[in-house]
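Undergrad: Here is a sequence with its predicted model. Questions after.
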Amino acid sequence: MNNWIISIKNILHKPLYAFLSIFSLSISVGLLLGIQQLDSSIQNQFTNTLGNIEMVVGAKGSPLQLVLSSVLHIDNPTGNIKYSEVEKLAKNPLVKTAIPISYGDNYKGYRIVGTTAGFPKIYEAQLLKGKGIENSMEVVLGNDVAQKLNLQIGDTFLSSHGLSENAIEEHEQSFTVVGLYKPTYKVIDKLIVTSLGSIWDVHYHEEAEEEEAIHREHKEELIHEEYEHHAHKNEDKEVTSILVSFRNPMGLMTMPRNINTNSNMQAALPKYELERLFRFTGVGVKAISWIAYIILLISCITIFISLYKMVRERAFDLALMRTYGASNFQLFRIVAFEGVLIVFISLIFGFLFSQIGLYFIVSLFKSQFQQEVILTFSTIKMLNSILIILIISMVSILFAIFPILKMNISKILSDEK
């Protein structure tokens, strides 16, 4: 009879041991592969989203919050800064591009970002159809926004105040869709892009209506004050932050410290802040990995006990096979094949568990942050993990079949009689 068939029958003969071995090993494999794939995917996604953004300038606060809100668009902004700072920064000879962004509104949970023509170039976004923004209150939709909301060119919608979906506080001025971007698999796919003027017009119109109501009640007292306020506001329009890239490394070395020290703004370096974030999350990744390795050891001990118990219980059968001409190597193969089958089945189920778990995690991430994580494999990490799993498993199998070498055939046969 074929050795593989004998091994399969041995596994089916003790289904509980086989199930426990396969289940525990599958869980450890799933945890190891899943957490490594998720960690690599998120890091790749965030790194790709940076594009050529080397520095972010915004209001004082947490630099990590500034990067998350202005680059990844998954947090609230730290505040606003004067638009005049954009013009001043753009004139600096060390600065290659200074792209302002301004937001504070959303449509059904998707952020509306007011910016300039340079913003889509950061993500290498190209138009799928329609045209770029030419007038106020025109928008170009990211690919995911257009698909999820089923919006087409020519459609109009009313924005809501705030960065989360809120249909109660809608603005009265409507936006018009004039273009759709091709999919980039970057953060711009989740954004509604418009001009800075559109953001200013929406909020200026809202404030103007409030002031007009007050003005009707106190016309004579407030007329002079209102004109002065409007004039001052036209001079001091605000943006949320500025996305900066430099002409040479000298700008990256000198400007962030200069801005943080000598202005009321803060400069944050996206790569540095994300690396710091990954160091924090890396602690959790390592913790889960160690848990997976502990489960792996327990599952390998279970495999060892199962195989060792099988060798001890079937010592007579194995001894009888030796008397009929079977070599020690053939007996090794019968027992080893059983362990190899368990490991192979566990690897398959473990990979399936990891993909199912990742699917739910990515879906949760997408629903919570409107961000889609593209799952990628780190081939080296995956091969290293599989190699470690195989080595530990093979060691447990070898220890389990070692008693075959010391088997006293005559004693076993005589005792059985």
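TA: On my side now, so go ahead. Numbering: from 1, shown residues only.

Undergrad: Helices of the stretch 51-200 of the chain, start to end?
TA: 63-67, 83-90, 119-122, 143-149, 196-217 (DSSP state H, counting those that start in this stretch).

Undergrad: where does the stretch 101-250 of the chain dip in pLDDT?
TA: Along the stretch 101-250 of the chain, the model assigns pLDDT under 70 to residues 163-171, 203-236.

Undergrad: And the next helix or strand past the strand or helix carrying residue 301?
TA: Element membership for residue 301, per DSSP states H and E: helix 270-313. Next in sequence after helix 270-313, counting helices and strands by DSSP H and E, comes helix 315-323.

Undergrad: counting contacts, what elements does that next one pack onto?
TA: Other elements packing on helix 315-323 under the criterion 3 or more CB pairs under 8 Å, 6 or more residues apart in numbering; DSSP states H and E are helix 328-369, helix 409-416. In short, each C-beta sits where N, CA and C put it, glycine included.

Undergrad: among these, which is the most enclosed?
TA: Among the helices and strands packed on helix 315-323, ranked by average contacts under mean count of other CB atoms under 10 Å, first place goes to helix 328-369 (a mean of 17).

Undergrad: could you check the angle helix 315-323 makes with that one?
TA: 130 degrees (axes from the mean of the first three to the mean of the last three CA atoms, to 10 degrees).

Undergrad: Next secondary structure element downstream of helix 328-369?
TA: Following helix 328-369 in sequence, per DSSP H and E, is helix 379-401.

Undergrad: tell me which residues in that following helix are buried?
TA: 382, 385-386, 389, 392-393, 396-397, 400-401 (16 or more other CB atoms under 10 Å).

Undergrad: Any chance of TSV for the residues you listed, columns distance to residue 186 and pLDDT?
TA: Output for these, formatted as TSV (distance: CB to CB, whole Å; pLDDT from 0 to 100):
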residue	distance to residue 186	pLDDT
382	25	81
385	28	83
386	31	86
389	34	86
392	39	86
393	40	85
396	45	84
397	46	83
400	51	79
401	53	77
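
Undergrad: how far away is residue 94 from residue 64?
TA: From residue 94 over to residue 64 the distance is 24 Å, taken as CB to CB, to the nearest Å.

Undergrad: wait, isn't residue 41 in contact with residue 376?
TA: Yes - contact status for residue 41 versus residue 376: in contact at 5.0 Å, counting by CB atoms under 8 Å.

Undergrad: Please work out how many residues are found near residue 14.
TA: Residue 14: 16 surrounding residues under other CB atoms under 10 Å.

Undergrad: likewise residue 191?
TA: Residue 191: 28 neighbours (other CB under 10 Å).

Undergrad: gap between stretch 147-157 and the chain center?
TA: From the chain centre to the centre of stretch 147-157 is a distance of 27 Å (CA atoms, centre = their mean, to the nearest Å).

Undergrad: Would you mark the buried spots in it?
TA: 149, 151, 157.

Undergrad: Turn the helices and strands packed on helix 315-323 into CSV, columns for mean pLDDT and distance to residue 113.
TA: Output for the helices and strands packed on helix 315-323, formatted as CSV (pLDDT from 0 to 100; distance: least, CB to CB, whole Å):
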stretch, mean pLDDT, distance to residue 113
helix 328-369, 82, 15
helix 409-416, 64, 78
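
Undergrad: now for those, which one comes closest to residue 109?
TA: Nearest to residue 109 among the helices and strands packed on helix 315-323 is helix 328-369; the distance by CB to CB comes to 9.4 Å.

Undergrad: Give me the distance from the helix holding residue 301 to the chain's centre.
TA: 21 Å.

Undergrad: Could you check the angle it makes with helix 328-369?
TA: 150 degrees.

Undergrad: avg pLDDT for helix 270-313?
TA: Per-region confidence: helix 270-313 scores 81 on mean pLDDT.

Undergrad: Which strands or helices does that helix pack on?
TA: With contacts taken as 3+ CB pairs under 8 Å, 6+ apart, helix 270-313 sits against helix 15-50, helix 63-67, helix 328-369, helix 379-401.

Undergrad: of all these, which lies closest to residue 193?
TA: Here helix 15-50 is closest among those (CB to CB), at 15.0 Å.

Undergrad: Would you quantify the distance from the closest residue to residue 132 other than its chain neighbours to residue 13?
TA: The spatial neighbour of residue 132 that comes closest, neighbours along the chain excluded (CB to CB, 6 or more residues apart in numbering), is residue 179 at 6.1 Å. Using CB to CB, residue 179 is found at 67 Å from residue 13.

Undergrad: out of those two, which sits in the busier spot?
TA: The neighbour comparison of residue 179 against residue 13 (other CB under 10 Å) goes to residue 179, with 20 against 12.

Undergrad: How about the contacts made by the more buried one?
TA: By CB atoms under 8 Å, 6 or more residues apart in numbering, residue 179 lies in contact with 127-133, 140-141, 153.
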